[in-house]
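Asks: please work out how this folds:
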Amino acid sequence: MKKETWKRVARDAAYAYPRLHRQLADMKNPSLTAKLTGMPRGGETSRTVEDLALRQLPKGDQDAHDAVEKALRVMEEMRTGAKRRKLVEMVYFRRTHTLYGAGVALGISEETAGAWSRDFMVSVYAAMGK
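Replies: Numbering: from 1, shown residues only. Here you go, the predicted structure:
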């Protein structure tokens, strides 16, 4: 198996984040319709609220999701956090811009866009504990 570089691991986590975030949100939102199977419940105890709160993605996916969330929180604490978040959204989440294009859209240089992207990727990788 080919050894993955830290950049690929962090980038893959960032690319997967929107999908993982939606999956996690779907898992934690209860169905508003009753289950009508016609079968008796059998007197079992149900802890629906607790079950919903404890739902998680598979370990690797959950780790990637949590690492991106942590990196986003760290980034948002920075003075330039709002612009950095927009850059990450454009380049990694929506994939609508290159680093150069995102830099132009945000009024920053390509070098600054690259530096902000690297900062985010390093933060994601560090949060993954690798």
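
Asks: could you find the closest non-adjacent residue to the residue minimising distance to the centre of the chain?
Replies: Closest residue to the average C-alpha location of the chain: residue 17 at 3.0 Å, with Cα atoms, centre = their mean. Spatial nearest neighbour of residue 17, chain neighbours left out: residue 68 (4.3 Å); criterion: Cβ to Cβ, 6 or more residues apart in numbering. The C-beta positions use only the backbone N, C-alpha and C, and glycine is treated the same way.

Asks: please apply the same query to residue 63.
Replies: Looking at residue 63 with Cβ to Cβ, 6+ apart, the closest residue is residue 128, at 6.0 Å.

Asks: surely the one you found and residue 67 touch.
Replies: Yes - shown here, residue 128 and residue 67 form a contact pair, counting by Cβ atoms under 8 Å, at 4.3 Å.

Asks: the more surrounded of those two?
Replies: residue 67 (23 against 19; other Cβ atoms under 10 Å).

Asks: just the element for that one, please.
Replies: helix 59-76 (DSSP states H and E).

Asks: buried sites along that helix?
Replies: By 16 or more other Cβ atoms under 10 Å, the buried positions in helix 59-76 come out as 61, 63-69, 71-72, 74-75.

Asks: using TSV, lay out the residues you listed together with pLDDT and distance to residue 29.
Replies: Formatted as TSV, those follow (pLDDT from 0 to 100; distance: Cβ to Cβ, whole Å):
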residue	pLDDT	distance to residue 29
61	94	18
63	95	22
64	96	21
65	96	16
66	97	19
67	97	23
68	98	20
69	97	18
71	97	25
72	98	21
74	96	27
75	96	27
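
Asks: now those in TSV, with distance to residue 7?
Replies: Below are the buried residues of helix 59-76 laid out as TSV (distance: Cβ to Cβ, whole Å):
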residue	distance to residue 7
61	19
63	17
64	14
65	19
66	19
67	14
68	15
69	20
71	14
72	18
74	18
75	17
